[in-house]
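*Asks:* Everything below, folded, please.
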Amino acid sequence: MNEVVRLTPEHDALPVLAHWHFVQWGYLRPGTNCTLTLAELRRECTSQVVPSTYAAMIDGQPVGSVQLLAYDMDLRPEWSPWLASVFVVPQYRRRGIASQLVRHAEKVAFSTGIDTLYLYTPDQQTLYERLGWRRLENVGWCGERVTVMVKQSRQGEQP
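*Replies:* Residues are numbered from 1 along each chain as shown. Below is the predicted model:
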């Protein structure tokens with residue numbers, strides 16, 4: 001059975017998440033390493049809605065992550081907050097864990113009055129569209145083409 005838990009700066013899962021995030025996205029931040037990634041993750045584990053970090057746990061072990069961040073793309077500083085760092089370890093993919101993580105973060109954000117979330121993805125547009133996200137634009141970001149997507153709470157939806 002899996003559950004999604006909110007992480008604190010002292011949580012045992014953070015070094016594992018830092019490793020995943022560095023391996024998966026370290027190229028987006030030249031000059032970073034696992035130690036710096038861990039320090040940044042600890043700063044993003046606050047008691048506020050943004051920033052916050054969550055992990056999918058199975059039998060007490062982390063198998064995935066998601067974050068709510070104020071900014072995840074410097075190209076669009078007017079857009080905030082962002083759903084970010086959606087990751088599931090390969091052996092647990094295709095089990096609905098990424099969808100569970102995304103829905104959990106959306107619920108947290110929308111239940112506290114946030115009415116719009118943004119994300120970017122190079123290759124998971126179909127997943128997010130299935131979850132109700134819509135495409136805003138395609139842009140170049142850190143050497144690759146990504147799609148910026150948006151989701152609004154039901155209260156924030158345009159007529």
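*Asks:* any weak-confidence spans in the protein?
*Replies:* By pLDDT under 70, the low-scoring segments of the chain are 1, 155-159.
*Asks:* The residue nearest the centre of it: what's it in contact with?
*Replies:* The centroid of the chain falls nearest to residue 84 when counting by C-alpha atoms, centre = their mean (2.4 Å). Residue 84 sits next to 66, 67, 68, 69, 72, 119 when contact means C-beta atoms under 8 Å, 6 or more residues apart in numbering. (Glycine included, C-beta is placed from N, CA and C.)
*Asks:* rerun at 10 Å
*Replies:* 21, 25, 44, 51, 53, 65-69, 71-73, 105, 117-120 (C-beta atoms under 10 Å, 6 or more residues apart in numbering).
*Asks:* out of those, which are inside helices?
*Replies:* Among these, the members falling in helices (DSSP state H) are 21, 25, 105.
*Asks:* Can you give me the distance of the closest residue in space to residue 102 that isn't next to it in sequence to residue 67?
*Replies:* Closest residue to residue 102 apart from its sequence neighbours, by C-beta to C-beta, 6 or more residues apart in numbering: residue 131 at 5.5 Å. Separation of residue 131 from residue 67 (C-beta to C-beta, to the nearest Å): 16 Å.
*Asks:* higher neighbour count, these two?
*Replies:* residue 67 (25 against 14; other C-beta atoms under 10 Å).
*Asks:* wait, what's in contact with the nearest residue to the more buried one once chain neighbours are set aside?
*Replies:* Nearest non-adjacent residue to residue 67, counting by C-beta to C-beta, 6+ apart: residue 85, 4.2 Å away. Taking C-beta under 10 Å, 6+ apart as the criterion, residue 85 is in contact with 17, 20-21, 24-25, 41, 44, 53-54, 64-69, 72, 101, 105, 119.
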